[in-house]
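*Asks:* Pasted the sequence and its predicted model underneath.
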Amino acid sequence: MARKLEGKIAVVTGGTSGIGLATARQFAEEGAQVFVTGRREAELSSAVAAIGPNATGIRADSASLADLDRLYARVKVEAGRIDVLFANAGGGSFMPLGSITEEQVDDTFSRNVKGVLFTVQKALPLLVDGASVILAGSTRPAPARPASASMVRPRPRSVPSPAIGSST
Ligand SMILES: NC(=O)c1ccc[n+]([C@@H]2O[C@H](COP(=O)([O-])OP(=O)(O)OC[C@H]3O[C@@H](n4cnc5c(N)ncnc54)[C@H](OP(=O)(O)O)[C@@H]3O)[C@@H](O)[C@H]2O)c1
C-alpha cells in the first residue's frame, strides 16, 4: 500500500528535537523527503541520523532572513518545491514581570512571531498548489480571516496546542 506522503517534499523548521523531530520522523516514515532546520550543528546531525536517509539537515535560524533565503535556495535546488511546510521552530523562556529584559523580548518575538511569518512568506514561491502549511502555536486556534489568509497562502490550518503537546 502506498504511504501517505510518498514522493512529497516536507520542510520542518526546528526539526532537531521535541515536536519538530517527532514530526519529521513521522513524515519520513510516511515516505516524504524531509528538510529539517535548527541552529545547532551537532543536534542537526543527530536529528538527520535519527530521521534516516530521507532527511537533509540545513542549519538555519528562522529569525534570520538571510538564513531563510539560504534554506529555501537549497530546497529549490535539491527538491524544486514544497508540499508540506511545518513552521515549528520557536520556544523561549518565561520571566516574571519586573525581571523581563529587552533581549528576552527580542528573542521571544524573533523566534515566535517574525521567524514564523517569514518562514511562511519566503516559502510561498516554492509551495505547490494545495500545499499544507502547519503552524505550531500555543494558543487556541482561531478561524482564519481574510487578513491572515492573504499573508499565508494556502490558508494555514491551526493545530490545537493539546494535540501538539500530546505528540511528544
Ligand atoms: N512543548 C509544548 O508543550 C508546546 C506547547 C505549545 C506550543 N509549542 C510550540 O511548538 C514548537 C516546538 O516545541 P517543542 O517543545 O518541541 O520545542 P523544543 O523541543 O525546544 O524544540 C525546538 C526546536 O526549534 C529549534 N529552534 C528554536 N529556535 C529556533 C530558531 N530561531 N530557528 C531555528 N530553529 C529554532 C530548536 O533547535 P535549536 O535550538 O538548535 O535552534 C529545536 O529543534 C515551538 O514553536 C513551541 O513554542 C510547544
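*Replies:* Cool, the structure landed.
*Asks:* low-scoring pLDDT stretches of this structure, where are they?
*Replies:* Low-confidence segments of the chain (pLDDT under 70): 139-168.
*Asks:* What about residue 95? Give its phi and psi, please.
*Replies:* Note on residue 95: its backbone torsions stand at phi -140, psi 150 [degrees, to the nearest 10].
*Asks:* how close does it sit to the ligand?
*Replies:* 16 Å (Cβ to the nearest ligand atom, to the nearest Å). (C-beta placed from N, C-alpha, C; glycine too.)
*Asks:* what sits against the residue nearest to that residue when sequence neighbours are not counted?
*Replies:* In this structure, residue 95 finds its nearest non-sequential neighbour in residue 104, 5.8 Å apart by Cβ to Cβ, 6 or more residues apart in numbering. Residues in contact with residue 104 (Cβ atoms under 8 Å, 6 or more residues apart in numbering) are 92-93, 95.
*Asks:* Closest to residue 83 out of the residues you listed?
*Replies:* Closest approach to residue 83 among the contacts of residue 104 (Cβ to Cβ): residue 92, at 29.2 Å.
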